[in-house]
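Colleague: Give me a model of this one.
(2 chains)
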Protein chains: 2
Amino acid sequence: MSAVDNRPLSDLSPAELNDFLAAKRAAYQALQGRGLKLDLTRGKPSAAQLDLADGLLKLPTSISDADGVDVRNYGGLTGIRQIREIFAELLWVEPEQVIAGGNSSLTMMHDCLVQMLLHGPVDGQPWVGQPIKFVCPVPGYDRHFTMLASYGIEMLPVPMEADGPDVAAIEALVKDDPMVKGMWIVPTYANPVGSTISHEKAALLAAMPTAAADFKIFWDNAYAFHHLTEEEAKSEDIISLCSAAGNPNRPIMFASTSKITYAGAGVAVLAASSANVGWYQKHYQYASIGPDKVNQLRHVQFFTNAQGVRDHMVKHREILAPKFAAVDAALTAELAGLGVAEWTKPTGGYFVNLDVVDGTAGRVVQLAKEAGIVLTPAGASFPHGHDPRDRNIRLAPSFPVLEEVETAMAGVATCVALAAAEELSGRHTASASTPEGH
Amino acid sequence: MSAVDNRPLSDLSPAELNDFLAAKRAAYQALQGRGLKLDLTRGKPSAAQLDLADGLLKLPTSISDADGVDVRNYGGLTGIRQIREIFAELLWVEPEQVIAGGNSSLTMMHDCLVQMLLHGPVDGQPWVGQPIKFVCPVPGYDRHFTMLASYGIEMLPVPMEADGPDVAAIEALVKDDPMVKGMWIVPTYANPVGSTISHEKAALLAAMPTAAADFKIFWDNAYAFHHLTEEEAKSEDIISLCSAAGNPNRPIMFASTSKITYAGAGVAVLAASSANVGWYQKHYQYASIGPDKVNQLRHVQFFTNAQGVRDHMVKHREILAPKFAAVDAALTAELAGLGVAEWTKPTGGYFVNLDVVDGTAGRVVQLAKEAGIVLTPAGASFPHGHDPRDRNIRLAPSFPVLEEVETAMAGVATCVALAAAEELSGRHTASASTPEGH
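Modeller: Here you go, the predicted model:
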C-alpha cells in the first residue's frame, strides 16, 4: 500500500490525495479484472446453515400431535400446542399468548396491519382512510418500510442508537399526534445496525404516553436467538413491560424459525396479550381454516423442546461468526484510520451496518456492482429507500461461503476508499446516489 | 314401519298423521337411547383419505427444484415452476397464469379481497369505504359468506340450479348497480348442492354487461377433480371465456390440494389473467418473501405430474362414493314418497344438499343434536346464516367412517320425518329455527 495508509484522508495534501486516488483507481481496475460474481444483498441463510435442519425432511414420523390431533386435517387456528409451548418458553410468554402460523412472520405482521386498517385494532377504530403514521427507527428493515409505504402510511424516522432507538425522539412524536398509530422495531440484534434495546428503553416505550389510545408496537424479534458470540443478549419482555405499565395491548411480538430451520419453510409466531390474541383469531378465522400443522409437528419433533432450539443456534453461530469476522478484517485492513467509514461489529443478527463518507453510499454500491459485487441498494434501510445523507450500506455476509465473503469485502473496501477519495478530491464521476426503491 | 309408508304425508288423514307422528316419536326415542356421538358438520377428508398421501411424510428427497433453486431458502413469490405446471395442466391454463401459494386457497381469496378493498383491483379503485355488494349463489359455501360479512359487504343471494347459478338473476343484479363488485361461485360440484356450471352459463357470466367496470368473479374451483363417478365433470375454463368476451380480468380462479393430499398442509393456487397475476404479486410482495417451496416440491415429487393427481383422485373416489351411496340409501329408505324432503345425488364434491319441509331445518338439526348427531347449523349455507325458508341442511359424509355415516344418516332421516310430522300436524315443540351463525 501507499505511504498515506492509516492517516485520515482529510489530513492529506492535495498531492497525497491525488496519489491515494490513483492507487485506489488502480486497485479498483484490478478488482474489475477479476470477473467476480458475488452477492451480499440479502439476509439469507447459507446452504450450510440450511443443511443443519435437513433432519426436517424425514419428519414428522407420526401424524398426531401430543393432544391426539391429526395434524394432516383442517383446523386449529392457533397452531398446535407443542410448538406454542416451545416458542412461549423462548419468548418468555405463556403458551396461550402465542399463535403459531405459517412460514412467514412478515405475513403475520401484514395480517395484523391489514386488520388494523380494515377492522381497527382491539382497542381502536379502523385506521383506513385516516392519515396515520408509524415511527420507524432508521436504519431499519426495508420490508417493514415498504409494507407501510404500500398502504400510504407516513413514516417518521428516528435514529437507532447502540442501545435501541432514540426514545426521546419517539416520545416527542407520539405524545401529541393521535395519528401516530404505531412503530416498528427489531429489538434484538436489529436489522441492520445490530443493536439490542436496553431494558430502560424498552420500559420507556412500554410506558410512554401516546396521543393514540390504540398505539401499537410491532416488535419484530426476528433475531432473538441469533447470537454471534457466547455473550447472548436476552430479549426484553415487552409484553410484560407494557402490561405492567397499563398498556397491555400495545405490543405484538413476532418471531419465526426462518433463520433457525428453513428460511422459506419454517414456522412463524406472534405473541401478545390475550385480548390481542383473541382479536387476531377473531379476524383471521375468516381467512384461514388453520396453519400447516404438519410443518409445526415436524419442527416440534426436530427440536423436542426450547433447549433444542438454543442448541441448534450454536451450530449457526459456528458458521456465521467467521463470516462476520471476515467482514471486519477486510474493512479494517483497507480502511482503518482513513476516517472514511464506520462499521458495526455485531454480536448477533445478520448484518453489518457500514456508514461511508456522506454522499458516497450510492457510488460505492455502483462501483461494487460494476466489479461484480452486488450490495443491497444504498438507502434501502430507510423509508422510501431514501437515506438523506447517502452514507448507509447494509452488508449481509450470511449467504456466501466464507471465501466469497472475504473476496467480496476486500472489493467493497476498495470501493469505499475509492469513492471517498473521489468525493474528497472533487473528482467523482456521475453519482449513483439516486435512491433506489425496493 | 306403518301402513302410511310411501304416501305423501300431506295426503294422510289427521288420524293417520297422528299415528305417523307417534311412530316417529318412538323411533326418535330409540335413537336417543343409542347414545350416538357422530359428526357430519364439515367437509373434511377422512383419516383413510389422508393416509393416501402419507408418502408426503418422506418427501422431498432432494432440496432443489427442476430449476436448481434451493427450495429451503427465501424467495420465489409465484411458487416453484413444476407445481405451477401441474396445476396449469389440471386447470387448463398456462403456467405463467398460476401462482402457487401456501396451504390455503381461502387465504388466497382473502388476500385478493383485502387488496381489492385497500388498493383496488387491477382495473379499479379501492373498494373500501363504499357500500359494495357481492352476488352469492345460495345455498353456497359458508366461509365465502362469513368472509364477506366480516368486511360488511352486502350479499345478494341468487338461486343455485342444477346447471349452475340463476344467471338471469345475476345479470339483473349486475347490469345497473356499479356497487355490485363481484360474485363468488363454486363452479364444479358446488358446495353444497353438487351442481356443475354449464358451458352456456359460464359463457354468460363471462360476457354479461356489468355496471362495475372492475367486476370480479371469485371462481373457487375447490372440487375440480373430486369426482364421485367415472363420468367426470370438466370444469369450465372461465379465464378463456372471459378473455374471449373482452373481460380478461374478471375472473380469479382458486384451487388447492387440500382435499387431494392433506387438508391442512396442501398447496393452494390461484390462476388468472397475466394482469391479475401481476397485480397479485405487486401487492403480495409486501406480505411475503415467498411460499413454502419445500412443501411444493414435496407435492411435485409425490404426484410427478398432472396425471398423478388424476390417478390419486380415483383412490379418493373409492373411499367416498360408498359414503354418498349410504346417505342416499338412508334417506330413501326412510323418506321416499313422503314428500317431506329432497336431496341431491352428487356426482362429485363433498356434500349432499338436503331440503326438508319449510320451517323445519332448524328443528331437524336440533333433534339430531339431541340424539348425538351433529349437523352443520341450519342456514349455514346462506348469507348471515339465514335461510329464509329454514329448509336447507348441508350433509357432509366424508369424514366419518362408512358405518358411522350409515348410522348417522338413518338417524337424520328419522329426525326429518319427525320434524315434518310435527310441522304438518301443528304439534311441533319450540322451534330451533333461529339462524345459527357459522
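Colleague: okay, A:A224: pLDDT?
Modeller: Note on A:A224: pLDDT of 95.
Colleague: Let me see the contact set for it.
Modeller: A:L90, A:L91, A:T188, A:S235, A:A255 (CB atoms under 8 Å, 6 or more residues apart in numbering or on different chains). Every C-beta, even on glycine, is put in place using the N, C-alpha and C of the backbone.
Colleague: mind checking which helix or strand it is in?
Modeller: A:A224 is part of no helix or strand when elements are defined by DSSP states H and E.
Colleague: In CSV, list the contacts of A:A224 along with distance to chain B.
Modeller: Listed next are the contacts of A:A224 as CSV, based on distance: CB to the nearest CB, whole Å:
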residue, distance to chain B
A:L90, 22
A:L91, 22
A:T188, 20
A:S235, 22
A:A255, 15
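Colleague: Mind putting those residues into a markdown table with pLDDT and neighbour count?
Modeller: Listed next are the contacts of A:A224 as a markdown table, based on pLDDT from 0 to 100; neighbours: other CB atoms under 10 Å in any protein chain shown:
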| residue | pLDDT | neighbour count |
| --- | --- | --- |
| A:L90 | 96 | 23 |
| A:L91 | 94 | 25 |
| A:T188 | 97 | 27 |
| A:S235 | 93 | 22 |
| A:A255 | 98 | 26 |
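Colleague: Spatially, which two of those are the most separated?
Modeller: Farthest pair in the contacts of A:A224 (CB to CB) is A:L90 and A:T188. Separation: 11.7 Å.
Colleague: Report all helices and strands that the helix or strand containing A:Q82 contacts.
Modeller: Per DSSP H and E: A:Q82 is located in helix A:81-91. For helix A:81-91, the packing partners by 3 or more CB pairs under 8 Å, 6 or more residues apart in numbering or on different chains; DSSP states H and E come out as strand A:98-100, strand A:251-256, strand A:268-272, helix A:293-303, helix A:306-335.
Colleague: Can you tell me the strand partners of the shortest one and which way each runs?
Modeller: Based on DSSP bridges, the pairing partners of strand A:98-100 within the sheet are strand A:268-272 (antiparallel).
Colleague: Which positions in the stretch 51-200 of chain A make contact with chain B?
Modeller: Within reach of chain B by CB under 8 Å from any CB of the partner chain, the stretch 51-200 of chain A has these residues: A:53-54, A:56-61, A:63, A:70-76, A:102-104, A:106-107, A:110-111, A:114, A:117-119, A:128-129, A:143, A:146-147, A:150-151.
Colleague: Just the buried subset of the residues you listed, written out for PyMOL, thanks.
Modeller: Here is the PyMOL selection string for the buried members of these, based on 16 or more other CB atoms under 10 Å in any protein chain shown:
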select buried, chain A and resi 53+56+57+59+60+63+70+71+72+73+74+76+102+103+104+106+107+110+111+114+117+118+119+128+143+146+147+150+151
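Colleague: Just the residues of the stretch 51-200 of chain A next to chain B: which are in strands?
Modeller: Among those, no member is found in strands (DSSP state E).
Colleague: so what strands line up beside the helix or strand of chain A with the lowest mean pLDDT?
Modeller: One helix or strand of chain A scores below all others by mean pLDDT, DSSP states H and E: strand A:38-40, with a mean of 91. Using DSSP bridges, strand A:38-40 pairs in its sheet with strand A:373-375 (parallel).
Colleague: returning to that earlier point: determine how far the least confident helix or strand of chain A lies from the middle of the whole chain.
Modeller: Strand A:38-40 sits 18 Å away from the centroid of its parent chain (CA atoms, centre = their mean, to the nearest Å).
Colleague: what's next to it, contact-wise?
Modeller: Here strand A:38-40 has contacts from A:372-376, A:395-397, A:399-400, A:404-405, A:407-409, A:411-412, using CB under 8 Å, 6+ apart.
Colleague: Taking those residues, please make a ChimeraX selection of just the buried ones.
Modeller: In ChimeraX syntax, the buried subset of those is picked out as below (16+ other CB under 10 Å):
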select /A:372,373,374,375,376,395,396,397,399,400,404,405,407,408,409,411,412
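Colleague: if we can go back for a sec, could you dump the helix holding A:Q82 to CSV, C-alpha only?
Modeller: What follows is helix A:81-91, C-alpha atoms only, in CSV (Å, rounded to 0.1, in the frame of the first residue of the first chain):
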residue,chain,number,x,y,z
ARG,A,81,-49.9,-26.7,21.5
GLN,A,82,-46.4,-28.1,21.5
ILE,A,83,-44.9,-25.5,19.1
ARG,A,84,-46.7,-22.8,21.0
GLU,A,85,-45.1,-24.1,24.2
ILE,A,86,-41.6,-24.1,22.7
PHE,A,87,-41.9,-20.5,21.5
ALA,A,88,-43.6,-19.4,24.7
GLU,A,89,-40.5,-20.6,26.6
LEU,A,90,-38.1,-18.9,24.1
LEU,A,91,-40.0,-15.6,24.2
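Colleague: quick one, it and strand A:251-256 angle?
Modeller: Angle between the axes of helix A:81-91 and strand A:251-256 is 110 degrees (criterion: axes from the mean of the first three to the mean of the last three CA atoms, to 10 degrees).
Colleague: What are the buried residues along helix A:81-91?
Modeller: Using 16+ other CB under 10 Å as the test for burial, helix A:81-91 gives A:R81, A:Q82, A:I83, A:R84, A:E85, A:I86, A:F87, A:A88, A:E89, A:L90, A:L91.
Colleague: just stretch A:15-28 next, same as before
Modeller: For stretch A:15-28, a neighbour-count test (16+ other CB under 10 Å) marks A:L17, A:D19, A:F20, A:L21, A:A23, A:K24, A:A27, A:Y28 as buried.
Colleague: next one: stretch A:284-292
Modeller: Buried residues in stretch A:284-292, counting neighbours by 16+ other CB under 10 Å, are found at A:Y284, A:Q285, A:Y286, A:A287, A:S288, A:I289, A:G290, A:P291, A:D292.
Colleague: And for stretch A:28-46?
Modeller: A:Y28, A:L31, A:L36, A:L38, A:D39, A:L40, A:T41, A:R42, A:G43, A:K44, A:P45, A:S46.
Colleague: Take those residues and write them to JSON lines, including distance to B:G124.
Modeller: Formatted as JSON lines, the buried residues of stretch A:28-46 follow (distance: CB to CB, whole Å):
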{"residue": "A:Y28", "distance to B:G124": "50"}
{"residue": "A:L31", "distance to B:G124": "50"}
{"residue": "A:L36", "distance to B:G124": "47"}
{"residue": "A:L38", "distance to B:G124": "44"}
{"residue": "A:D39", "distance to B:G124": "38"}
{"residue": "A:L40", "distance to B:G124": "41"}
{"residue": "A:T41", "distance to B:G124": "35"}
{"residue": "A:R42", "distance to B:G124": "34"}
{"residue": "A:G43", "distance to B:G124": "36"}
{"residue": "A:K44", "distance to B:G124": "36"}
{"residue": "A:P45", "distance to B:G124": "40"}
{"residue": "A:S46", "distance to B:G124": "44"}
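Colleague: ok, so of these, who is nearest chain B?
Modeller: Taking CB to the nearest CB as the measure, A:K44 is the one of those closest to chain B, at 5.4 Å.
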